[in-house]
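**Student:** Any chance you can model this:
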Amino acid sequence: QVQLTESGGDLVQSGGSLNLSCTASQVPNSVIVMTWFRQAPGKDREFVALLRWSDGDPAYADSVKGRFTISRDSAKNTMYLVMKNLKPEDTANYYCGTGKAALVLTHESQYVYSWGQGTLVAVSS
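**Tutor:** Modelled structure (predicted):
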């Protein structure tokens, strides 16, 4: 089973930036997609971004498009999320995951089969 470890969460002011990392214990050939979701208190977990591990092709939620950038370093088994122009509504626990191909079309958490423990991003106004 793939073990995922997120890091980089912090408290920042509105308009600030943060860089999140997600390191996998291994990335077997069966891993199609890696993704970031987030969950704010009292809300459902929501899709943020994903990339296809084979070629890094990204996709973003409309709410973060133009502000967040997802990327990966295959040699380090690590995925990144660069977050700029952060807003208070970005406050949440951010989780990375490995997902099935269906995640590319649906952006639904049911197609994520491994999750990290999460890292907290808090944006003050």
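**Student:** Quick check: which ranges of this structure have low pLDDT?
**Tutor:** Counting by pLDDT under 70, the chain contains no low-confidence segment.
**Student:** So Ala75: helix, strand or coil?
**Tutor:** helix (DSSP: H, G, I helix; E, B strand; the rest coil).
**Student:** wait, what's in contact with the residue nearest the centre of the chain?
**Tutor:** Nearest to the geometric centre of the chain sits Trp36, at 1.9 Å (CA atoms, centre = their mean). Counting by CB atoms under 8 Å, 6 or more residues apart in numbering, Trp36 touches 20, 22, 48-50, 70, 79, 81, 94-97. (Glycine included, C-beta is placed from N, CA and C.)
**Student:** Quick one: the helices in the protein, in order.
**Tutor:** Using DSSP state H, the helices found in the chain span residues 102-106.
**Student:** which stretches of it form strands?
**Tutor:** Listed in chain order, the strands of the chain (DSSP state E) span 4-7, 11-13, 18-24, 33-39, 46-52, 58-60, 68-73, 78-83, 92-99, 112-115, 119-124.
**Student:** What is the end-to-end distance of stretch 22-38?
**Tutor:** End-to-end distance of stretch 22-38 (CA to CA, to the nearest Å): 13 Å.
**Student:** residues of it that come out buried?
**Tutor:** 22-24, 27, 31-38 (16 or more other CB atoms under 10 Å).
**Student:** What of stretch 36-52?
**Tutor:** 36-38, 45, 47-52.
**Student:** With distance to Asp62 added, can I get these in JSON lines?
**Tutor:** Shown next, in JSON lines, are the buried residues of stretch 36-52 (distance: CB to CB, whole Å):
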{"residue": "Trp36", "distance to Asp62": "15"}
{"residue": "Phe37", "distance to Asp62": "15"}
{"residue": "Arg38", "distance to Asp62": "14"}
{"residue": "Arg45", "distance to Asp62": "17"}
{"residue": "Phe47", "distance to Asp62": "10"}
{"residue": "Val48", "distance to Asp62": "11"}
{"residue": "Ala49", "distance to Asp62": "11"}
{"residue": "Leu50", "distance to Asp62": "14"}
{"residue": "Leu51", "distance to Asp62": "17"}
{"residue": "Arg52", "distance to Asp62": "19"}
